[in-house]
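1. Need the 3D shape of this:
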Amino acid sequence: MTRPSKKAKQRWLEWQEKGLFIFFLPPYCSEMNRIEEEWHQLKTHEIAGQMFDNNYDLAMAIIDGIEARSVKGGYSLERLIFNCA
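-> Modelled structure (predicted):
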């Protein structure tokens with residue numbers, strides 16, 4: 001199980017008094033990690049059976065699949081682009 005850092009421990013009670021409660025997931029607990037279910041659905045439905053020549057094509061298929069899932073699910077989607085240079 002992940003443990004809080006020293007700085008987090010120092011502020012733990014302060015956060016709880018403000019209504020912030022932090023719970024750590026057990027390691028390798030995909031059932032409790034909501035992104036795992038989304039990733040499973042994406043692989044099973046949107047990109048299943050496809051072969052990709054390169055990382056770019058895979059990335060674009062994932063983006064397209066996520067966008068399709070948001071339309072089907074009726075939720076908004078915001079794409080963030082990080083500068084990793």
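2. pLDDT below threshold where in the protein?
-> Using pLDDT under 70 as the threshold, the predicted model of the chain has low-confidence ranges 1-2, 85.
3. how about 50 then?
-> Counting by pLDDT under 50, the low-confidence segments of the chain come to 1.
4. Tell me where it has helices.
-> The residue ranges that make up the helices of the chain, judged by DSSP state H, are 6-17, 34-41, 55-73.
5. Can you say which of these is nearest to Ile81?
-> When the helices of the chain are compared by CB to CB, helix 55-73 sits nearest Ile81, at 11.0 Å. Bear in mind the C-beta positions are built from the backbone N, C-alpha and C, glycine included.
6. List of residues touching the closest one?
-> Helix 55-73 is contacted by residues 38, 41-42, 45-47, 50, 52, 76-77, 79 when judged by CB atoms under 8 Å, 6 or more residues apart in numbering.
7. Select, from these, the two members most distant in space.
-> Using CB to CB, the two most remote members of the contacts of helix 55-73 are Phe52 and Ser76, lying 27.2 Å apart.
8. out of those two, which sits in the more crowded spot?
-> Relative neighbour count places Phe52 above the other of Phe52 and Ser76, with 13 against 6, counting by other CB atoms under 10 Å.
9. What residue, apart from its backbone neighbours, is nearest the more buried one spatially?
-> By the measure of CB to CB, 6 or more residues apart in numbering, the closest residue to Phe52 outside its immediate chain neighbours is Leu58, 4.2 Å from it.
10. Over to Arg3?
-> If the residues on either side of it in the chain are set aside, Arg3 comes closest to Phe24, at 7.6 Å by CB to CB, 6+ apart.
11. okay, which residue is most central for the chain?
-> Central residue of the chain (CA atoms, centre = their mean): Ile35, 4.1 Å from the mean position.
12. Tell me how far Glu17 lies from Arg11.
-> 10 Å (CB to CB, to the nearest Å).
13. Brilliant, that's me finished.
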